[in-house]
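Colleague: Got a sequence here, can you model it:
(4 chains)
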4 protein chains.
Amino acid sequence: MFFASDNAGPVAPKVMERVIAANTDYAMPYGKDPIMDEVRSQIREQFEAPEAAVYLVATGTAANALALACYCQPWQTIFCSKVAHIEEDECNAPEFYAGAAKLTLVETDDKMTPDALRRAIVARAAGDVHTPQRGPVSITQVTERGGVHSLDELQALTAVAEEFDCPVHMDGARFANALVALGCTPAEMTWKSGVDVVSFGGTKNGCMGVEAVVFFDPKKAWEFELRRKRGAHLFSKHRFLSAQMAGYLADGAWLETAKQANANAAYLAEGLHKAGAEFLFEPAANMLFPRFPRAIHRKLHDAGARYYLWDGTLDGDDGELLAARMVCDWSISRAQIDLFLSHF
Amino acid sequence: MFFASDNAGPVAPKVMERVIAANTDYAMPYGKDPIMDEVRSQIREQFEAPEAAVYLVATGTAANALALACYCQPWQTIFCSKVAHIEEDECNAPEFYAGAAKLTLVETDDKMTPDALRRAIVARAAGDVHTPQRGPVSITQVTERGGVHSLDELQALTAVAEEFDCPVHMDGARFANALVALGCTPAEMTWKSGVDVVSFGGTKNGCMGVEAVVFFDPKKAWEFELRRKRGAHLFSKHRFLSAQMAGYLADGAWLETAKQANANAAYLAEGLHKAGAEFLFEPAANMLFPRFPRAIHRKLHDAGARYYLWDGTLDGDDGELLAARMVCDWSISRAQIDLFLSHF
Amino acid sequence: MFFASDNAGPVAPKVMERVIAANTDYAMPYGKDPIMDEVRSQIREQFEAPEAAVYLVATGTAANALALACYCQPWQTIFCSKVAHIEEDECNAPEFYAGAAKLTLVETDDKMTPDALRRAIVARAAGDVHTPQRGPVSITQVTERGGVHSLDELQALTAVAEEFDCPVHMDGARFANALVALGCTPAEMTWKSGVDVVSFGGTKNGCMGVEAVVFFDPKKAWEFELRRKRGAHLFSKHRFLSAQMAGYLADGAWLETAKQANANAAYLAEGLHKAGAEFLFEPAANMLFPRFPRAIHRKLHDAGARYYLWDGTLDGDDGELLAARMVCDWSISRAQIDLFLSHF
Amino acid sequence: MFFASDNAGPVAPKVMERVIAANTDYAMPYGKDPIMDEVRSQIREQFEAPEAAVYLVATGTAANALALACYCQPWQTIFCSKVAHIEEDECNAPEFYAGAAKLTLVETDDKMTPDALRRAIVARAAGDVHTPQRGPVSITQVTERGGVHSLDELQALTAVAEEFDCPVHMDGARFANALVALGCTPAEMTWKSGVDVVSFGGTKNGCMGVEAVVFFDPKKAWEFELRRKRGAHLFSKHRFLSAQMAGYLADGAWLETAKQANANAAYLAEGLHKAGAEFLFEPAANMLFPRFPRAIHRKLHDAGARYYLWDGTLDGDDGELLAARMVCDWSISRAQIDLFLSHF
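Modeller: As a prediction, the model looks like this:
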């Protein structure tokens, strides 16, 4: 009953098979391996972006921080949700990589709204040397509260960004989960909606540790390569990153695992709903925030269920409602979910 | 005939087996996986350092830059060989991680000498606010020219460092190759010789992409953890780093691959010597700098041999002597070496 | 009728006299001039802090950024008011000097409250490597809205900081204005109230360009000296910084100018109040935010009055109320204030 | 008998007069004062550069570090003499401002040579992501050993820089001393010789604390303004920087003080030469490195002469030759020089 995160599960078979297959003979290091050529083609094709610059790193924080640094001068500010991963969970990595730039927080509890984004941008006066200068907007898709911006919502945000000449980054640590939730194409969710660069996650959806950074305009390519090396994120035996991503992208493997994860969450959400749980945020992908009585949390905890208590601890009145943060990995079995639900 | 580097070969079977075995069920992320406990114990035991703080990252540059940053204030200078990897091949990563600290180069073509180190340190006047302040000394073992400092040589260097209160870092990207060349223990080559922190390489010696940073005094542990996260080098599915290192360290696997690599180089060196080649630097581990006529380089190149020309190009007089940089991976077969030698 | 800021007025006579007097013969550079010895003694005496480390820089931003950097690791966060000068008006200088640390904003429109400070600190979970770590608290006295924390209010804030082991910085760009408003001693407003380091402003209160950084615990002294030099803020002809501060501190000159500035503001506030203006924030020192009809703003503007429109522009309905930000320099004459008021 | 440096003397009368004259009424802060307009015109005229972007800061280190940062990406390297001020005496400020870029040292004891510069540049391979990338060349004029590059020598250096697309910075802390030594125009010594940006010193030649940064191509103007503010080097009461520079530039005041300083040095050098001293470096401007017996150093020291011993201490054999570093300020009197020489 592991629902603590989707960063703790096993590697999907098709990904692992490709890694094992890559382990033969010598391959040019540092991203010059032939599998990387394959990955580049796959991503360009799937994103309908034949000019895109494509790079691999091993962590989501590296993908975000390096991508943002290419679009943010040290005297600028990145605009992001006040609950964004880059603000709360990356220990100042974005600031570090962007040369001590600032993050300006957009007021929101879940998805960013165009009005809130506009207020945040306007508050940083243009042309005044004292004010942090306006830099990129970073949108998280899936959000840290499990929300998924619709294409209309995305486009409304990027329209505001464009009005102020702010480039747009998408933190897509759970890109695939959002994509299958929306039922759109990768191009629609990114460059066709005004996104300039995306952190395209693999790790949380069945890989071992790989994320792609995709620039739809390749003019930042060489800068990214230098920033990646300077950040110590360029792998010598790079073929093992490439192989993960190649296996992930081949034959729609990545969409399959995302569909499984989302279906697992939907199944769990339905069960929770039937059992009387409420939801802090509307379930949209593979992350849930159900609220139910502490007594049930205690039972689940004693039975070995793993998830985060969101707004309290196990100590207190039995009947008090407590929220949980639960994330469904692609690999969670229905049996495990049923077992979880059996405690209600 | 791949002799370009030892960073382009396959993963050793025992390492890969352990990675595959790790791919089951859920494991706590971010270094809290049980395999990491195993790795910590292995390293503490093999280094006879029960208090050591042990961490894993995926690249040698990350290991070096993060380890040095823990011992270097931004207004200080790191002392290293003028041909050190941290100076020539890390695209300013050490400066980046150390908050814009400086590297001061010790005059040497291969191994660092105590006199040259002392001159470099003394030239940075103590107690003067204008001068970059004295920071850590970084020693590369195996050097970038294939040299191996003897224990006496190491201790002579660390004695100079200690005299000026400079902490000592060892860049051990090829730690195992040096160790088996010297026939000493890990403890003798590190803390018993005055080394404070070591980048303990795995990637070049049979791993997929893993390096340990070992602090013999654990007081820097928490700072390292924060620096690693801030640098985006903390893996969520960390068990796959742990598994590599666990497989590497178990049953002396790491010493076996290093012995193979060094033996391959010795065999190649002997063949080259018989064929009349001279050596720019005395062969000591698994890296060779033989010099032989351009005509032979041409033949080898045409036959598909891969290595670096050190001091010229294929264009020119047939008879002119050119040096090569050749590195023997653990996985190179004798047949390949024989094939290489057959062109002389 | 210049009320735009107190950073645009002339140098007070006693300060200028001392600068002129210093211009003779040779003086040791870089802070080793004898006038600096005098300044150090003056500050230690006036702050009742015989051990204090005292340094001079030329700008308030340098004082803040360097002082904070001494108490903030790059992976930490500074806690400050969401309208603090370090957040809004220093173009990421605090982040730059603190090695890419983050600023976490305390919700407040004027003075910081203990509850809001506590909420901000608690939101950064201790001991979690993903979260920006808790660093110093920076309190602005006088605030950017003209407020002055009472000693009780200050102590309530520093008590919260101490509870979480956060060091405390005071941005005292208008230190003297706050001091005379409270009628307390420098020691009471700083170390006796739990402040660890203060940016002690001179420029806005009659100097040419000098601010002191005063550490009540001198253990950060050497680090500050290195940071100041590295930041390019160490003056060779330092005696001209020393002379300003020496003239400022001698014979209570600094208290005289502050009293004048505050009295000017009180006189102006009284006149505005009589003329029917309301105040956005309660006047406490030398900064006012009066609100009055646009028609009067227009008249004042045409007559050459200089101040900032706070929440609108001159275009619009005559009768609409608009706020102004007005700052009274020590040097503003009553005649100028009367002239200003005559337009109501 | 103060010959320790030219950074410890008084402010020249014409400069001080202008500072005093500026102390009236209110002036727009942060470089928008009318005196700055005057300075901009003066510099553009004297440099025959009507498009130049002109800024003031208070220290030479700030001028150098900010100017270089505008031309150096964090993954690049600055090329400078191994005895450059930016390498030896700025406590890593250039690295700090350039985002952790590296300095690559050109082998030279005094003036940089084209061959040595070329070797340094070529050693940083272009197009290789591992190598620090080629950035700006910084030339010191007057050098730290008192040398002055002729126009031919300058142009030979900038030709090498241009060949590799490296922009050129001139550290002109003693710009005026070099200029009058060469007898050329400011344009000839800068943009006509291939210099892109110059740190134009004032402090060492009669100012209180002011240096101009002059960009001959104004495209870096806005970036410089942001970097200056972020570095905390933008003065609110900027008119007092402007006034220094305005007084310095008016009526050739700056050339007068430089001529005096150089003439003082020439007079001293002649006297020393007659007294049998040798020179470590050929005297060219206002800095001398004479060598004479220790017994005379002792006598001078006892008589209160101030200068640096270059290669030894006062302890030792009377007859041994020791070198001194002596700098002549514009303000040193002939009587003081004669007094100095009387000890030989």
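Colleague: so who does the closest residue to A:A84 other than its chain neighbours touch?
Modeller: Excluding the flanking residues, the one nearest A:A84 by CB to CB, 6 or more residues apart in numbering or on different chains is A:T140, at 5.4 Å. C-beta here means a position set from N, CA and C on the backbone, and glycine is covered the same way. Applying CB atoms under 8 Å, 6 or more residues apart in numbering or on different chains to A:T140 gives the contacts A:C80, A:S81, A:A84, A:H85, A:M170, A:D171, A:A173.
Colleague: Buried ones from those, can you make that a PyMOL selection?
Modeller: Here is the PyMOL command that selects the buried residues among the contacts of A:T140 (16 or more other CB atoms under 10 Å in any protein chain shown):
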select buried, chain A and resi 80+81+84+85+170+171+173
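Colleague: With pLDDT, secondary structure and distance to C:T257 as added columns, please give the contacts of A:T140 in CSV.
Modeller: Shown next, in CSV, are the contacts of A:T140 (pLDDT from 0 to 100; DSSP: H, G, I helix; E, B strand; the rest coil; distance: CB to CB, whole Å):
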residue, pLDDT, secondary structure, distance to C:T257
A:C80, 98, strand, 43
A:S81, 98, strand, 46
A:A84, 97, coil, 46
A:H85, 98, helix, 49
A:M170, 98, strand, 54
A:D171, 98, strand, 51
A:A173, 98, coil, 56
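Colleague: ok, so of the contacts of A:T140, who is nearest chain D?
Modeller: A:C80 (20.7 Å; CB to the nearest CB).
Colleague: Pick out the residue of the stretch 151-300 of chain A closest to chain D.
Modeller: A:L226 (4.3 Å).
Colleague: For the residue nearest in space to the middle of chain A, which non-adjacent residue is spatially closest?
Modeller: For chain A, the residue sitting closest to the mean C-alpha position, by CA atoms, centre = their mean, is A:A173 at 1.8 Å. Nearest residue to A:A173 in three dimensions, chain neighbours excluded: A:G201, at 4.1 Å (CB to CB, 6+ apart).
Colleague: Pull the contacting residues for the one you found.
Modeller: Neighbours of A:G201 in contact, by CB under 8 Å, 6+ apart: A:G60, A:A63, A:G172, A:A173, A:R174, A:F175, A:A176, A:E211.
Colleague: would a markdown table of those with secondary structure be doable?
Modeller: Output for the contacts of A:G201, formatted as a markdown table (DSSP: H, G, I helix; E, B strand; the rest coil):
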| residue | secondary structure |
| --- | --- |
| A:G60 | helix |
| A:A63 | helix |
| A:G172 | strand |
| A:A173 | coil |
| A:R174 | coil |
| A:F175 | helix |
| A:A176 | helix |
| A:E211 | strand |
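Colleague: among these, who's most crowded?
Modeller: Of all the contacts of A:G201, A:A63 has the most neighbours under the rule other CB atoms under 10 Å in any protein chain shown, reaching 32 neighbours.
Colleague: Settle this for me: that residue is touching A:V210, isn't it.
Modeller: No - between A:A63 and A:V210 there is no contact under CB atoms under 8 Å: 9.4 Å.
Colleague: which neighbours do those two share?
Modeller: Joint contacts of A:A63 and A:V210 (CB under 8 Å, 6+ apart) are A:V57.
Colleague: who's in contact with A:T203?
Modeller: By CB under 8 Å, 6+ apart, the neighbours of A:T203 are A:N7, A:T59, A:G60, A:A173, A:G209, A:V210, A:E211, B:S236, B:K237.
Colleague: And the helices in the stretch 151-300 of chain A, which stretches?
Modeller: Per DSSP state H, counting those that start in this stretch, the stretch 151-300 of chain A carries helices over the ranges A:151-163, A:175-182, A:186-189, A:221-230, A:239-249, A:253-274, A:294-302.
Colleague: I'd like to know how many residues surround whichever residue of the stretch 101-250 of chain A sits closest to chain C.
Modeller: Among the residues of the stretch 101-250 of chain A, A:H130 lies nearest to chain C; the distance is 4.3 Å by CB to the nearest CB. Applying other CB under 10 Å, we find 17 residues neighbouring A:H130.
Colleague: what does chain A put close to chain D?
Modeller: A:30, A:73-75, A:99, A:129-130, A:133, A:223, A:225-230, A:234 (CB under 8 Å from any CB of the partner chain).
Colleague: how about these, which pair is most distant?
Modeller: A:Y30 and A:H130 (42.2 Å; CB to CB).
Colleague: related to what we said a few turns ago, restrict the residues of chain A next to chain D to those near chain B?
Modeller: Answer for these near chain B (CB under 8 Å from any CB): A:L226, A:K229, A:R230, A:L234.
Colleague: Relative to A:E225, how far out is the nearest residue to the first one once chain neighbours are set aside?
Modeller: The shortest distance from A:L226 to any residue other than its chain neighbours is 4.3 Å, reached at D:W75 (CB to CB, 6+ apart). If you measure D:W75 against A:E225 using CB to CB, to the nearest Å, the figure is 9 Å.
Colleague: Which of those two has more residues huddled nearby?
Modeller: Legend: neighbour count by other CB under 10 Å for D:W75 and A:E225, higher for D:W75 (26 against 18).
Colleague: and that one, what does it touch?
Modeller: Counting by CB under 8 Å, 6+ apart, D:W75 touches A:L226, A:R227, A:K229, A:R230, B:C91, B:N92, D:A101, D:P132, D:Q133.
Colleague: If you rank the residues you listed by neighbours, which is first?
Modeller: That'd be A:R230 among these, by other CB under 10 Å, with 32 neighbours.
Colleague: thinking that residue is in contact with B:Y97, fair?
Modeller: No - counting by CB under 8 Å, A:R230 sits too far from B:Y97 to count as a contact (9.3 Å).
Colleague: And chain A, what are its domain boundaries?
Modeller: Using automatic domain parsing, the domain parsing of chain A gives A:13-251, A:254-341.
Colleague: Go through those and pick out the most buried.
Modeller: domain A:13-251 (a mean of 22; mean count of other CB atoms under 10 Å in any protein chain shown).
Colleague: Show the end-to-end separation of it, please.
Modeller: Distance between the two ends of domain A:13-251: 13 Å, counting by CA to CA, to the nearest Å.
Colleague: swap in stretch A:29-38?
Modeller: Using CA to CA, the two ends of stretch A:29-38 sit 15 Å apart.
Colleague: who are the neighbours in contact with A:F281?
Modeller: A:D109, A:D110, A:R145, A:G146, A:G147, A:F289.
Colleague: can you pull out the strands in the stretch 51-200 of chain A?
Modeller: A:53-57, A:76-81, A:102-106, A:133-140, A:168-172, A:197-201 (DSSP state E, counting those that start in this stretch).
Colleague: quick one, which of those strands is nearest to C:F164?
Modeller: That would be strand A:102-106 among the strands of the stretch 51-200 of chain A, by CB to CB, at 21.2 Å.
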